[in-house]
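Visitor: structure for this input, please:
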Amino acid sequence: MEDEAAAATRQKLMAADEVYVYKIPPMKGAGGHRADDWDLANPLQTCNLVVEMSGNTLYLEFMHEGTLFAQSKMVLDKEKHLSISHFIQDVVDSSRYFAIKIQGVGGKEATIGFGFRDREKATDLRESLQYFRKSVDRESEAQTMLPSVSIPVLEQGEKIHVNLHGKSTISKTKTQPEKTGKVPVPLLLKKPPPPAGDK
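Guide: Purely as a prediction, here's the structure:
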């Protein structure tokens, strides 16, 4: 279960008040999911949807009357070759409906369908997914570009002096070999969420 500290770092990307959730059959062949096969007039549940991101993880939470009905936790992992399409896919016959993998107890996955009454909300979701993917890509590129900076490791009794000309000197109270360690320089990337609605 996610702890409070992790939950506090989430960035809200979008929300929708009316989302129809469906139990869906397996795909017929490799052509993709079709919403026409879902009995659209009889959804499994009508929910609210909240989409939030934290680092390389995206959360789609389907809420019903204030209770979590289903959750999809998307973790983009290049080593495992997991992309957004591993978790969520457009259907082939509508712009309003999607098939998505949700996680249950013990990490078991199941695929459900969901859709929106308004196409604008479907567009908002696609923009949120694109923003999330680009944010993860930017963060990954930034990490590979971080320089390694050598800084002195002070021994007991040593003092460091910093002047205003950008140079630092270390005065040693005893003769000891200098040790260095390499630490990464953190880079914080903060981007605003995508705009809502069609452009």
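Visitor: so residue 40, which of the three states?
Guide: Secondary structure for residue 40, judged by DSSP: H, G, I helix; E, B strand; the rest coil, is coil.
Visitor: just the C-alphas of the helix or strand where residue 86 lies, formatted as PDB.
Guide: Taking DSSP states H and E as the criterion, residue 86 maps to helix 84-87. Taking Å, rounded to 0.1, in the frame of the first residue of the first chain, the C-alpha atoms of helix 84-87 are listed here in PDB:
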ATOM      1  CA  ILE A  84       2.200   3.200 -21.800                       C
ATOM      2  CA  SER A  85       0.700   0.900 -24.500                       C
ATOM      3  CA  HIS A  86       1.400  -2.100 -22.200                       C
ATOM      4  CA  PHE A  87      -1.100  -0.700 -19.700                       C
END
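Visitor: helix or strand for residue 53, which one?
Guide: In this structure, residue 53 sits in strand 45-54 according to DSSP H and E.
Visitor: can you map out the helices along this protein?
Guide: Per DSSP state H, the chain has helices spanning 4-8, 84-87, 119-145. These are given in chain order.
Visitor: next, format those helices as CSV and append mean pLDDT and mean neighbour count.
Guide: To be clear about C-beta, it is placed using only N, CA and C from the backbone, and glycine gets the same treatment. Written out in CSV, the entries for those read as follows (pLDDT from 0 to 100; neighbours: other CB atoms under 10 Å):
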stretch, mean pLDDT, mean neighbour count
helix 4-8, 64, 9
helix 84-87, 93, 15
helix 119-145, 91, 16
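Visitor: for residue 42, which of those helices is the nearest?
Guide: When these are compared by CB to CB, helix 119-145 sits nearest residue 42, at 20.2 Å.
Visitor: helices or strands up against the closest one?
Guide: Here helix 119-145 touches strand 11-23, strand 45-54, helix 84-87, strand 97-103, strand 109-116, going by 3 or more CB pairs under 8 Å, 6 or more residues apart in numbering; DSSP states H and E.
Visitor: which sections of this structure are below the confidence cut-off?
Guide: Applying pLDDT under 70 to the chain flags residues 1-7, 146-199.
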